[in-house]
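S.K.: Give the three-dimensional model of this entry:
(one chain, ligands or ions: 1)
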Amino acid sequence: MLDAHTHRPKRTQGLIEIESPDIRLVREGNWQPTGPFVLGLHPWWIGQMAEPLETLFSWMEHPECLGVGETGLDKLISTSLETQIFWFLKHLDLAKTYKKSLVVLHIVRSWSELKPILRQSKYEGKILLHDCQASAGDLKWLETDERLWFSYGSALKKKTSRGFQGFLEAPAGKVLFETDDSGEDIENTVRMGLGFRPEVPYAENSYRFLKAVGYPCVSGKVCADPK
Ligand SMILES: [Zn+2]
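M.R.: Presented below is the predicted three-dimensional model:
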């Protein structure tokens, strides 16, 4: 079972979680890896810590580090979009420099700003749109970008939301699920998601995604469907 994005890993057997730790805790020495992770300066923490790049550099070559993130664009915060874009591009460069095959994105109400960045970026790894809130309309152009994967969690509980409508349209072979910071049981999230979209091959998606981002998941067992 795969939890594609979490801030609160449980690390129980049979569960693969891609943790996204709080870089401020990492910087203070109050975090240690317990499994696969990505590291990035979340748009919310821009300007809130000293020398984020130094912290990022120091963890990129850790064997459990799958990539960078979450980074991205968030129109609901006061940090200027220009500054957010600066950091977003820095993360893409970092992923290229360290040959990381995963970038995790946090995108809030910034789909039109994301478009030119993706079009111009020569990054060749996979990009996970975590807690994807893209509308069905945006999904139409997003799904033409082969690098993108679409991860759902909170949107599944808001059936009237744009994100939920987008979820119904997301390409079945690119859908993943996540708990983010909810602390919930990923099995419940997956079960709920597959209840709405039974055609999504979750075990297969998890396997293909993990393989694409360089995670050694070969037994098939670890990527099994929920019971
Ligand atoms: Zn998150």
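S.K.: Now do residue 71 against residue 107, distance only.
M.R.: Distance from residue 71 to residue 107, counting by Cβ to Cβ, to the nearest Å: 10 Å. Heads up, the C-betas are built off the backbone N, CA and C, glycines and all.
S.K.: Centre of the chain to the longest strand seen in the chain, how far?
M.R.: Looking across the chain with DSSP state E, the single longest strand is strand 65-74. Mean C-alpha position of strand 65-74 versus that of the full chain (Cα atoms, centre = their mean, to the nearest Å) differs by 7 Å.
S.K.: From the contact counts, what lies against that strand?
M.R.: With contacts defined as 3 or more Cβ pairs under 8 Å, 6 or more residues apart in numbering; DSSP states H and E, strand 65-74 has these neighbours: strand 37-39, helix 81-97, strand 102-108, helix 111-120.
S.K.: Can you add mean neighbour count and give those back as JSON lines?
M.R.: Putting these into JSON lines (neighbours: other Cβ atoms under 10 Å) gives the following:
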{"stretch": "strand 37-39", "mean neighbour count": "26"}
{"stretch": "helix 81-97", "mean neighbour count": "17"}
{"stretch": "strand 102-108", "mean neighbour count": "24"}
{"stretch": "helix 111-120", "mean neighbour count": "14"}
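S.K.: To residue 52, which of those lies closest?
M.R.: Between residue 52 and these, the tightest spacing by Cβ to Cβ is seen for helix 81-97, at 8.2 Å.
S.K.: Surely residue 206 is in a helix?
M.R.: Yes: with DSSP: H, G, I helix; E, B strand; the rest coil as the criterion, residue 206 is assigned to a helix.
S.K.: Let me see the ranges of the strands in the chain.
M.R.: Listed in chain order, the strands of the chain (DSSP E) span 2-6, 16-19, 37-39, 65-74, 102-108, 126-129, 148-152, 175-177.
S.K.: All set, thanks.
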